[in-house]
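J.: the sequence isn't on hand, but the structure is:
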């Protein structure tokens with residue numbers, strides 16, 4: 001290896017895209033081809049005991065390629081984007097130290113941004129303000145707070161799930177206490193990831209085809225026991241456990257409460273997943289230097305194009 005090559009930073013692949021776009025399939029293909037290891041960037045996949053209602057790689061898929069940051073949290077825990085970024089950077093250093101290609105895969109845009117670009121140093125916590133916001137959440141629901149955030153910082157709201165009350169509350173707190181939009185503060189005082197060349201690959205399937213996959217996946221979750229798993233988690237951790245506010249689990253919990261029937265629960269879960277996919281694409285379209293592939297990650301043509309992009313990055 002020449003001197004220039006010896007000094008070249010190692011490659012890191014960041015694979016993004018909406019739910020249902022085939023990120024898992026493509027990441028495993030790339031990891032097997034390039035001796036890689038996969039670092040999950042999914043806020044729900046972090047949790048143990050959440051299986052049916054998540055898009056975690058299966059046990060068979062995880063046996064093919066090493067995966068990290070899956071099943072590492074108890075459902076009673078509530079991590080922040082900063083917590084995720086710190087853990088993920090430790091994993092990246094470990095994977096790189098063993099000469100493996102790190103492939104970060106996921107659809108949680110804020111976590112991916114925290115990992116790659118770093119987080120700003122926000123204003124200190126205001127427990128009084130947080131208390132008022134929590135009371136509003138209790139009285140009017142998490143989606144009310146999300147609409148409130150959308151009015152004061154639309155960009156920040158697009159990157160946070162409406163049911164993720166802790167992140168929504170923090171974003172509102174930042175905006176109100178700093179008197180600035182949190183999205184405007186994101187570029188201030190960051191500590192971006194260093195030591196890697198980042199290749200961002202994005203999957204962008206045709207919308208109707210994606211929505212068909214999303215609808216079918218939701219059906220399969222209900223058929224596989226989502227409601228029963230939700231009941232187990234509720235009994236063990238309580239209805240207010242953060243993971244039970246995530247897509248699918250929220251609708252299953254409403255079914256268990258008797259608020260909606262099974263047919264409506266499935267329809268609501270499908271709609272929520274479709275809406276989430278739309279928000280994900282809005283978020284990732286704003287990210288810099290994404291190499292977009294217009295298809296699903298399990299499409300041979302898309303795999304070929306992804307391999308071309310990786311080969312080009314390895315040569316550069």
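T.: Thanks, I have it. Computed from a prediction, not measured in an experiment: that's the story for all the values here. Residues are numbered from 1 along each chain as shown.
J.: chain neighbours aside, what residue packs nearest to residue 250?
T.: Leaving out its chain neighbours, the residue that sits closest to residue 250 by CB to CB, 6 or more residues apart in numbering is residue 163, at 6.0 Å. For every residue, glycine as well, the C-beta is placed using N, CA and C.
J.: correct me, but the one you found touches residue 244?
T.: No. Contact criterion CB atoms under 8 Å: residue 163 and residue 244 do not qualify, at 9.3 Å.
J.: what touches both of the two?
T.: By CB atoms under 8 Å, 6 or more residues apart in numbering, residue 163 and residue 244 have these common neighbours: residue 250.
J.: can you give me the buried ones in stretch 197-217?
T.: 198-205, 210-211, 213-215, 217 (16 or more other CB atoms under 10 Å).
J.: out of the residues you listed, name the ones that lie in helices.
T.: Counting by DSSP state H, those place 210-211, 213-215, 217 in helices.
J.: now render those as a markdown table, adding distance to residue 315.
T.: Formatted as a markdown table, those follow (distance: CB to CB, whole Å):
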| residue | distance to residue 315 |
| --- | --- |
| 210 | 32 |
| 211 | 37 |
| 213 | 34 |
| 214 | 36 |
| 215 | 41 |
| 217 | 37 |
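J.: just give me the closest of these to residue 52.
T.: Distance to residue 52 across those (CB to CB) is lowest for residue 217, with 11.1 Å.
J.: contact partners for the closest one?
T.: 20, 55, 273.
J.: which of these has the weakest pLDDT?
T.: Sorting the contacts of residue 217 by pLDDT puts residue 55 at the bottom of the list (82).
J.: so it touches residue 43, yeah?
T.: No. With contact defined as CB under 8 Å, residue 55 does not count as touching residue 43 (11.5 Å).
J.: between those two, which is the more surrounded one?
T.: Per other CB atoms under 10 Å, whichever of residue 55 and residue 43 has more neighbours is residue 43, with 22 against 19.
J.: ok, the nearest residue to that one once chain neighbours are set aside to residue 273 distance?
T.: Nearest residue to residue 43, sequence neighbours excluded (CB to CB, 6+ apart): residue 108, at 4.5 Å. Per CB to CB, to the nearest Å, residue 108 is found 14 Å from residue 273.
J.: all the strands of the stretch 201-316 of the chain, in order from the start?
T.: Using DSSP state E, counting those that start in this stretch, the strands found in the stretch 201-316 of the chain span residues 290-293.
J.: for it, give me the ranges with low pLDDT.
T.: The stretch 201-316 of the chain contains no residues with pLDDT under 70.
J.: in it, which spans are helices?
T.: For the stretch 201-316 of the chain, applying DSSP state H, counting those that start in this stretch gives helices covering 207-223, 226-237, 249-257, 262-285, 300-315.
J.: and which of the ones in helices among the buried residues of stretch 197-217 is nearest to residue 91?
T.: residue 217 (27.0 Å).
J.: the closest one and residue 271, how far apart?
T.: Residue 217 is 13 Å from residue 271, by CB to CB.
J.: again with residue 159
T.: Separation of residue 159 from residue 271 (CB to CB): 20 Å.
J.: neighbour count for those two, which is higher?
T.: In this view residue 159 and residue 271 are compared by other CB under 10 Å, and residue 159 has more residues nearby, 25 against 15.
J.: residues contacting that one?
T.: Shown in contact with residue 159 (CB under 8 Å, 6+ apart): 109-110, 113, 279, 283.
J.: thinking again about what came up before, of all the helices of the stretch 201-316 of the chain, which one comes closest to residue 38?
T.: Once those are compared by CB to CB, helix 300-315 is nearest, at 14.2 Å.
J.: if you count neighbours, what's buried in that closest one?
T.: Buried residues in helix 300-315, counted by 16+ other CB under 10 Å: 302-303, 305-306, 309-310, 313.
J.: stretch 264-279 now?
T.: Quick answer for stretch 264-279 (16+ other CB under 10 Å): 265-266, 268-270, 272-274, 276-277, 279.
J.: with distance to residue 31 added, can I get those residues in TSV?
T.: Formatted as TSV, the buried residues of stretch 264-279 follow (distance: CB to CB, whole Å):
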residue	distance to residue 31
265	35
266	33
268	35
269	30
270	30
272	30
273	26
274	29
276	25
277	24
279	27
